[in-house]
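> sequence unknown, structure follows:
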C-alpha cells in the first residue's frame, strides 16, 4: 500500500520535496526559508477545516500588505490541493478561525549531499526527492604547448 502520508502529500503537491512538517495552529510572521534549495518550491496543504485560509506571499504588485505593513503581497487561498510558492520570497500565515492543521513540504538546501542510502529511504517512504542536476562538462582546455 505504501506510506499513506507520502501518498497524500504527493497526490496534492506535485513538487519535489525532501522534508515535511505537520503544523497545528502555528502562526508564522513574515520570513524567508533561506535554508531551502534554490529553485525549489514550498507547498502548504490543508488537513482540517478552518476559515481565513490565507498564506500571504510577497509580490510588489499584490493587493495585500504584510501583517507589519512593510511589504505588498498576494494572499493564496489555502484549499486542496494546496498552494505552492518560492521559499525565497517573504511569506506568512494569515489569521484564521478554527483548528488549523497543515502540512508544509520543502526541499533542504543540501539535497545534493544526501547519501544514496538516505535517498533510497526517503523514496521508499514516498518522498518525491528532486532529481540530481545533470553533470556539466568541464570547460575546454587548450593542451597545445608552445
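Alright, I've got the coordinates. What you are looking at is a predicted structure, and each value in this text was computed from that prediction instead of being measured. Numbers count the residues shown, from 1 in each chain.
> for the residue nearest the centre of the chain, give its distance to residue 58.
The centre of the chain sits closest to residue 42, judged by C-alpha atoms, centre = their mean, with a distance of 1.5 Å. Distance, residue 42 to residue 58, by C-beta to C-beta, to the nearest Å: 13 Å. Backbone N, C-alpha and C define where each C-beta goes, glycine included.
> ok so, going back, thought the residue nearest to the centre of the chain was touching residue 88?
No - counting by C-beta atoms under 8 Å, residue 42 stays clear of residue 88, with 9.6 Å between them.
> can you show me the helices along the protein?
Secondary structure of the chain, counting by DSSP state H: helices at 4-12, 116-124.
> in terms of mean pLDDT, which of those ranks lowest?
Of all the helices of the chain, helix 4-12 carries the lowest average pLDDT, namely a mean of 60.
> spatially nearest residue to residue 23 (excluding sequence neighbours)?
In this structure, residue 23 finds its nearest non-sequential neighbour in residue 102, 5.1 Å apart by C-beta to C-beta, 6 or more residues apart in numbering.
> okay, now that neighbour: neighbour count?
Residues lying near residue 102 (other C-beta atoms under 10 Å) number 23.
> and it, what pLDDT?
Note for residue 102: predicted pLDDT of 94.
> that one and residue 78, how far apart?
As for residue 102, its distance to residue 78 is 7 Å (criterion: C-beta to C-beta).
> over to residue 70?
23 Å.
> and residue 115, by the same measure?
Computed as C-beta to C-beta, the residue 115 to residue 78 distance reads 34 Å.
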